[in-house]
Structure formats: structure tokens, C-alpha cells
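Asker: only geometry, no sequence info:
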């Protein structure tokens, strides 16, 4: 049983920063490609970023490129999302996702078998 638990969400002013964390338990984390998605009220869940098992390959949605950075610490079974220059439109529930299939920059939900419960990020203007 794989479990993903996100933390680090909160309320921040526009232009501020937050770092989200996702701790994975139950499997060999280092074999998993990981991703972050988000879902704003009334909208579909959308891709944010993904990272390969080694951390050497990363891929971002255009809307966050240059502002967000995904990283991982395999020794700590944790993946991170550093979010800088936050905008009100970044307000959403952020979800961590994982999968142990070979690395590709997967941007769709069906490319990930395991999901966390989400953490709320609210950016005020």
C-alpha cells in the first residue's frame, strides 16, 4: 500500500513563496516518478510539474515555468514543490502523485497510480 501525504500549504500574499512537501511510504520511493497537480474551485485538476526517479529530468506546465521548482530527496522519501512569485490564480488544492512506470513527462492524471489527499494553497491579492 503506497501512501502519499502532502503538507506545506497555507495562505500567502501575491508575490510570496511556499514550499510543499509530499512524503511517500509503502514502496521503494526512488523507483517512482512523481508529479504535482492542482485543482481550483470549479475547475478540472491540472498538471503542474513532474520529476524522474533520479531527479535529473523535470517537466513543468507553462503556467508555472520559471516560478515553481520540483525536487526530490530519495533518502527522505520526499518530493518538494517550491513555489515562488505566487499569483492569485495559483490558488488551488495541490496534489502529489506517483507512479513506478518508466519515466516520461506525463501530464495527465491517468499516468499516475497513487495520489495524496491534497493541501490547500491560497494566494491573496
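Answerer: That came through, no problem. Because the structure is a prediction, the values reported are computed rather than measured.

Asker: okay, now the closest residue to residue 30 other than its chain neighbours: neighbour count?
Answerer: With Cβ to Cβ, 6 or more residues apart in numbering as the criterion, residue 30 has its nearest non-adjacent residue at 4.1 Å, and that residue is residue 74. C-beta: built from backbone N, CA, C; applies to glycine. Neighbours of residue 74 under the rule other Cβ atoms under 10 Å: 16.

Asker: Spit out the contact partners of residue 74.
Answerer: Applying Cβ atoms under 8 Å, 6 or more residues apart in numbering to residue 74 gives the contacts 29-30, 53, 55.

Asker: Tell me where the chain has strands.
Answerer: 3-7, 10-13, 18-25, 33-39, 46-51, 58-60, 68-73, 78-83, 92-99, 114-115, 119-124 (DSSP state E).

Asker: Kindly reformat these as TSV containing mean pLDDT and mean neighbour count.
Answerer: Listed next are these as TSV, based on pLDDT from 0 to 100; neighbours: other Cβ atoms under 10 Å:
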stretch	mean pLDDT	mean neighbour count
strand 3-7	97	17
strand 10-13	98	13
strand 18-25	96	19
strand 33-39	97	24
strand 46-51	98	23
strand 58-60	98	17
strand 68-73	97	18
strand 78-83	97	22
strand 92-99	97	22
strand 114-115	96	18
strand 119-124	98	17
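
Asker: related to what we said a few turns ago, next one: the residue nearest to residue 30 from residue 51, what distance?
Answerer: Applying Cβ to Cβ, to the nearest Å, the value for residue 74 to residue 51 is 11 Å.

Asker: I'd guessed residue 107 sits against residue 45; true?
Answerer: No. Residue 107 lies out of contact with residue 45 (Cβ atoms under 8 Å); the separation is 11.2 Å.

Asker: Quick check: the residue nearest to residue 30 vs residue 31, distance?
Answerer: Counting by Cβ to Cβ - residue 74 and residue 31 are separated by 9 Å.
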